[in-house]
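**Q** Let's see this in three dimensions:
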Amino acid sequence: MRPAICLIALGLSASSALAEADFIKGVHLQTEELCAAAKKDGLQSVIEAGNVLLTANGLESIEYNCEFVQIIKATRAPAWAVTAICQEPGYLFPDMLSIVQMSPTQIDIVSVRPVNEDGGDSGNTGSYYLCPDVPLP
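**A** Coordinates of the predicted model:
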């Protein structure tokens, strides 16, 4: 039974590696204007202004982050199901995201987290745009 478990674990690891091979590349921000600001003033200044950064590792902002811990690629669309562990000061929670490559420069994310009590979207839902001339942090 042990060899079978090892083979299953290796298979899951290999499929995860394949899912990540064509996953998010580069730096993405919530608007093209933020990309221009990051190119001009530096990525750190854009993040310090309270904006969210998307990379293959997850979502990052001041006092908030979501680490992507499992990535599963869809077979019929340029999309992934992603499990994330998110945290903000004093609070840690899981999230499940659908990530869709809408175009070569736009990625849309939808979170399964419920809508905020004030009626706004959850913090992990939205569109992100590729910032081609901004290096990864």
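
**Q** Need the pLDDT of the residue nearest the centre of the chain.
**A** The centroid of the chain falls nearest to Gly58 when counting by CA atoms, centre = their mean (3.9 Å). What the model reports as pLDDT for Gly58 is 97.

**Q** ditto for Arg113
**A** At Arg113, pLDDT is 80.

**Q** follow-up on the earlier one: bridged to the residue nearest to the centre of the chain, which residues?
**A** For Gly58, the beta-bridge partners are Thr55, Glu67 (DSSP bridges).

**Q** Tell me which residues touch it, please.
**A** Contact partners of Gly58, counting by CB atoms under 8 Å, 6 or more residues apart in numbering, are 65-68, 84. The C-beta positions use only the backbone N, C-alpha and C, and glycine is treated the same way.

**Q** who's in contact with Ile47?
**A** 53, 60-62.

**Q** still on that earlier bit, would you mind checking the contacts of Gly58 for buried ones?
**A** Buried residues within the contacts of Gly58, counting neighbours by 16 or more other CB atoms under 10 Å: 65-66, 68, 84.

**Q** longest strand of the chain?
**A** When the chain is scanned for its longest strand (criterion: DSSP state E), the result is strand 91-103.

**Q** Any idea how many residues pack against Ile85?
**A** Close neighbours of Ile85, defined as other CB atoms under 10 Å, add up to 15.

**Q** can you pull up the bridge partners for it?
**A** Judged by DSSP bridges, the bridge partners of Ile85 are Glu67, Pro94.
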